[in-house]
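Trainee: Any chance you could fold what I've pasted below:
(one chain, ligands or ions: 1)
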Amino acid sequence: MIDKQSLHGEWSSRFAFILAATGSAVGLGNIWKFPYIAGENGGSAFVMVYVACVVLMGIPIMMAETMLGRRAKQNPVDTMRTLTQEAGADSRWQYLAWMGMVAGFLILSYYSVIAGWASAYTLKAVMGDFFGSNAEKTEVMFNDFISSPLRLIFWHSFFMLATMVIVSKGVRNGLEKAVQMLMPVLFIMMFLLVGYAMTTSGYQQGLHFLFSPDFSKITSKVVLTAMGQAFFSLGLGMGTMMIYGAYVPKNVSIGKSAIIVAGADTIVALLAGIAIFPIVFANGLHPDSGPGLVFETLPIAFGNMTGGWLFGVLFFLMLVVAALTSSIALIEPAVAWLIESKDMTRDQACVRAGLVAWALGFVTVFSFNRWADIHVFGHTLFELIDGLTANIMLPAGGLAIAIFAGWVMKQQHTVQELALPDSQYVIWKALISYVAPAGVFLIFLHVVGVL
Ligand code: PHE
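Mentor: Numbers count the residues shown, from 1 in each chain. Prediction:
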């Protein structure tokens, strides 16, 4: 059965893999990004398209990506090389893995800056800075914070260092342990915040904003952003699931795992929305106030609820840890490639990759202050990196994975890897061969104005 093992070891169990994949999926994307882009894109319209993308593209592509990794058990570049040989296909499929690694660096570069904000806010929570907060205070606090490049660089460096330390410890000691305790605590915290949101006067309005269907607000920008967010939040299209798949033992069911991971990821994002929008409306804040949304809303909750000090500290700490379990997933494809193909030790690979992402992070740091006025195509540099990666590179990577798994790989191999009952295999096959690729492709065409 198992012909070879990944060079880096394996997850100790199916549960360990699910935790790690959930750790990769659940992160800033759910708690920081989902609410603010839902807010900018009309709320419920965005949420509907988002959920549809998760089900129709996200889950089948997550299965496909994991499957590719597990079959070849190597870093994404060599995985694609091995699998194209096996399928007798064009070796240029490797570019898919290269694009993924570039996307990983670009995402990590800004991810670390934002996770740095969360780290700084953990300290603010400890210092009791949120006591008696109101909308005005939290807005001033946030704007004051991001206006200082030095402070942002400090926290960005802090977070990137933490990421490198964990990644350098490898699969079982680093990645697995880091995720194990976190998920249950994160869930409890989210429910607690929703509990607070229910007591505010904005609860009904918040729910209405997120869930009452409004088709009139669905524009091509909403659809593209929602699709991009589905790929980003599930951590698809850039090799992460491929490399995490390479560490998956043969007896693990890829289908069940993907459904659990995608389900958990979606629940956390929706809970974050349900916690945040009532506070937005109850305090006269604006749903479309951008990347600062979480940082301007939740401190109001912590500053006014019983036990708010403790919950505030716990929440931001959780956010940092959730971000860490995603940031290690962003860099792992490149690190694995450096180790396997460039003969580096894990430590050397971490330092190199970390330095590159760290240096790139300065662009994001400055785009919130010194370079805030620099706009390309009407977007700040941060928005540009984010849009390019989430809305274009990840869906394009996902599209390629879908075509490869649906059309290029031999059917007998996908049947064997997925080991699904016939009726379920047929559904997956239809989604991966037709629905998912057509969905991504049509959305791209629509956005560039061809459709
Ligand atoms: N899914 C992570 C989040 O939502 C980000 C991520 C993207 C992680 C791509 C891995 C790969 O925060």
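Trainee: And stretch 283-292, end to end?
Mentor: From its first residue to its last, stretch 283-292 covers 15 Å (C-alpha to C-alpha, to the nearest Å).
Trainee: Tell me which residues are up against that stretch.
Mentor: Applying C-beta atoms under 8 Å, 6 or more residues apart in numbering, the contact partners of stretch 283-292 are 32, 36, 38-40, 43, 114, 134-135, 139, 142-143, 146, 202, 209, 277, 279-281, 293, 296-297, 300, 382. Using the backbone N, CA and C atoms, a C-beta is placed for each residue, glycine as well.
Trainee: Just the buried positions in it, please.
Mentor: Residues 283, 285, 287, 289, 291, 292 are the ones in stretch 283-292 that count as buried (16 or more other C-beta atoms under 10 Å).
Trainee: Report the entries of the residues you listed that also contact the ligand.
Mentor: When contact is defined as C-beta under 6 Å from any ligand atom, these do not meet the ligand at all.
Trainee: now, the most widely separated pair of the residues you listed?
Mentor: 283 and 291 (18.1 Å; C-beta to C-beta).
Trainee: For residue 316, what are phi and psi?
Mentor: Per-residue torsions, residue 316: phi -70, psi -30 (degrees, to the nearest 10).
Trainee: That one: how many residues sit nearby?
Mentor: Number of residues near residue 316 (other C-beta atoms under 10 Å) recorded here: 27.
Trainee: list the contacts for it?
Mentor: Contacts for residue 316 were tallied using C-beta under 8 Å, 6+ apart; they are 118, 119, 121, 122, 124, 125.
Trainee: Name the nearest of the residues you listed relative to residue 342.
Mentor: residue 119 (31.0 Å).
Trainee: what helix or strand is that closest one on?
Mentor: helix 94-126 (DSSP states H and E).
Trainee: And that helix, what's buried?
Mentor: Those buried within helix 94-126 under the rule 16+ other C-beta under 10 Å are 94, 96-97, 99-101, 103-122, 124-125.
Trainee: For the ligand, tell me which of those show up nearby.
Mentor: Counting by C-beta under 6 Å from any ligand atom, the members of those near the ligand are residue 107.
Trainee: Might you list the low-confidence residue ranges for the stretch 101-250 of the chain?
Mentor: The model of the stretch 101-250 of the chain has pLDDT under 70 over residues 171-178, 181.
Trainee: Report the contact partners of the closest residue to the ligand within it.
Mentor: Nearest residue of the stretch 101-250 of the chain to the ligand (C-beta to the nearest ligand atom) works out as residue 235 at 3.3 Å. For residue 235, the contact set (C-beta under 8 Å, 6+ apart) comprises 21, 24, 25, 241, 326, 329.
Trainee: what do you get if the cut-off is 10 Å, keeping everything else the same?
Mentor: 21-27, 29, 58, 62, 65, 104, 107, 241, 244, 261, 265, 326, 329-330, 394 (C-beta atoms under 10 Å, 6 or more residues apart in numbering).
Trainee: Kind regards, and thank you for your time.
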